[in-house]
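Q: give the three-dimensional model of this entry:
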Amino acid sequence: TAGRRPPGTLVVSTVREGLFASLVACGAAVMGLALWGVSPLLLWGPLAVTTAIVAAHRSGLGLVQANAIQAGLLTFTRSVTGEEDVTATATHLVEATRSLLSAELVAIRLDGLDDGHDPSWIGVGSAEASKLDHDLALDGRHDEAGCCVGSARETVFAALPMGWLAVGMDRASIRPHDRSAVHMVGNHAAVVLANAERGTRLRRQAAEAHHQARHDSLTGLPNRVALRSAIQAAIQADQPFGVLLVDLNDFKQINDALGHAAGDEVLTELSKRLGPVTEGARLLSRLGGDEFAVVTPGDQAACVALGRQINGEIGREVHISSYDLLVGSSVGLALYPDHGTDVGELLKNADLAMYEAKALGGGVAVFGTDSSGRAMRQLEISSAFRHALQEQQLTVVFQPIIDVATSAVTGVEALTRWTHPELGAVSPDEFIAVAEQTGLITELTHFVLDTTLQWQRLWAAAGLDLQVAVNLSPRSLLDAALPRLVQRHLA
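A: Here you go, the predicted model:
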């Protein structure tokens, strides 16, 4: 039976020990008869010598067997490295222990693992496992060596840091050093299992760190790093594919009105909706903020169709708290190899196409020469506008309001103008849209109000009583802080 001492080994050991005992007995009998004939008192000397020889033989045999166990432990430790997970390592430990000790039964119970499984015995069936649990629970029937007594088989339990090692041996053939050998094996097994548990924990931590480095923490979608890798893999496959960049329209209004927690709920809901729509794509990712990206195989028609599906899913109502929100999106598409043959070029052109879609009020835009020019200008305006506010490149001019009946100037309307050193004159339609999209509309409103009211005070000091009209963005009208802002500028 598997786990028992090999029959050949047992026969050779038995013959060797029996032959030695027979020779010693025959010699002692002959010598005893001879000495008896002379004097019975002469038997004490040979009897003492014979007893010493037998004891020395047994001690020597035990020492040889113990040395064999020690040598076997070295091989045992080398054979079980602990490089696998804890369960697999425990399985190898059971097999190695059975081979080393020639035991009838070897099992390991693992406790306290963080894999969600209940403690279980490895190496035995459920019936034997229940018996081992019963024996282990009988603390009063364990002797100093940890042996459960009361049956033909003696089971030695050795404590491990995360469980127990159980070795069952035939009580009739158990050797003096077998119990201590079990505990020596237990010490080695404890080290191997500890290394396996530490290795498993480190591998899990490394896998989690790798996942976090390539995934968005809010939605769980792959992030920009994973997106670039997916595009590179698609380029290496050298088959037509498209890169779609998806930007949510006016998403900042949701954050401003309902808070960032509500905005996060919207992003999470939309990411769930886009999952089924993009099942056939190589990758759906979130780039951060209100931007998503999709890498999908296919020609222009297939990619545009997917972009429209994405628009449709995003355009459905999103229920957040007590609000039903409508969110629009703009999708830009760049195709491989027509619009780029490397990662950077494809992302740039998809971004330009997305700006073209925004300029058209949403929908799907494919990168092209015309759209590239318009989108590039919008991108340049977006990049330069913050700097223009900080460097006071914007000016406020005043258009008179005339009473037709009297031809008198009764008021003025404040108008904002911007002339960029390289872009030239930028129309209000262009930079106001950028201010709303980038969240700089409040700063622009500050600038216009402050400049206008300064002029009004100067006119009043000169005796001119003029009404002043300032145009406000719809987003500014929704700003609850607007009245305080105007009051502060009037003070």
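
Q: rest of the way, CA atoms for contacts and neighbours
A: Will do.

Q: determine the longest strand present in this structure.
A: strand 409-420 (DSSP state E).

Q: for the record, mean pLDDT for it?
A: Strand 409-420 shows a mean pLDDT of 92.

Q: what's in contact with it?
A: 388, 393-403, 425-428, 448, 452, 465-471 (C-alpha atoms under 8 Å, 6 or more residues apart in numbering).

Q: how about a cut-off of 7 Å?
A: Applying C-alpha atoms under 7 Å, 6 or more residues apart in numbering, the external contacts of strand 409-420 come out as 393-403, 425-426, 428, 452, 466-470.

Q: touching whichever helix or strand Gly168 is part of from outside, list them.
A: Assessed by DSSP states H and E, Gly168 sits inside strand 163-170. For strand 163-170, the surrounding residues in contact (C-alpha under 7 Å, 6+ apart) are 103-111, 152-159, 186.

Q: show me where pLDDT drops low in the stretch 301-450 of the chain?
A: Low-confidence segments of the stretch 301-450 of the chain, defined by pLDDT under 70, are located at 369-375.

Q: mind listing the helices for the stretch 101-250 of the chain?
A: Under the criterion DSSP state H, counting those that start in this stretch, helices of the stretch 101-250 of the chain are mapped to 126-137, 178-213, 224-237.

Q: and the strand holding Gly168, which strands flank it?
A: strand 105-110 (antiparallel), strand 153-160 (antiparallel) (DSSP bridges).

Q: picking up where we left off before, let's have the helices of the stretch 101-250 of the chain in JSON lines, adding mean pLDDT.
A: Output for the helices of the stretch 101-250 of the chain, formatted as JSON lines (pLDDT from 0 to 100):
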{"stretch": "helix 126-137", "mean pLDDT": "86"}
{"stretch": "helix 178-213", "mean pLDDT": "85"}
{"stretch": "helix 224-237", "mean pLDDT": "95"}
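
Q: what's the closest of those to Ala461?
A: Among these, the nearest to Ala461 by C-alpha to C-alpha is helix 224-237 (57.4 Å).

Q: could I get the buried residue list for that closest one?
A: Using 16 or more other C-alpha atoms under 10 Å as the test for burial, helix 224-237 gives Arg224, Ala226, Leu227, Arg228, Ala230, Ile231, Gln232, Ala234, Ile235.

Q: next one: that helix to chain centre, how far?
A: 20 Å (C-alpha atoms, centre = their mean, to the nearest Å).

Q: pull the CA atoms of stretch 179-191 into PDB?
A: Extracted C-alpha coordinates of stretch 179-191, given in PDB (Å, rounded to 0.1, in the frame of the first residue of the first chain):
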ATOM      1  CA  ARG A 179       8.900  10.000  17.200                       C
ATOM      2  CA  SER A 180      11.800  12.500  17.300                       C
ATOM      3  CA  ALA A 181      12.200  12.100  13.500                       C
ATOM      4  CA  VAL A 182       8.600  13.200  13.000                       C
ATOM      5  CA  HIS A 183       9.300  16.400  15.000                       C
ATOM      6  CA  MET A 184      12.500  17.000  13.100                       C
ATOM      7  CA  VAL A 185      10.600  16.700   9.800                       C
ATOM      8  CA  GLY A 186       8.000  19.000  11.300                       C
ATOM      9  CA  ASN A 187      10.600  21.700  12.000                       C
ATOM     10  CA  HIS A 188      11.900  21.500   8.400                       C
ATOM     11  CA  ALA A 189       8.300  21.500   7.000                       C
ATOM     12  CA  ALA A 190       7.500  24.600   9.100                       C
ATOM     13  CA  VAL A 191      10.400  26.500   7.400                       C
END
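
Q: hmm, back to that, which two in the buried residues of helix 224-237 are spaced the farthest apart?
A: Spatially, the most separated pair among the buried residues of helix 224-237 is Arg224 and Ile235, at 16.5 Å (C-alpha to C-alpha).
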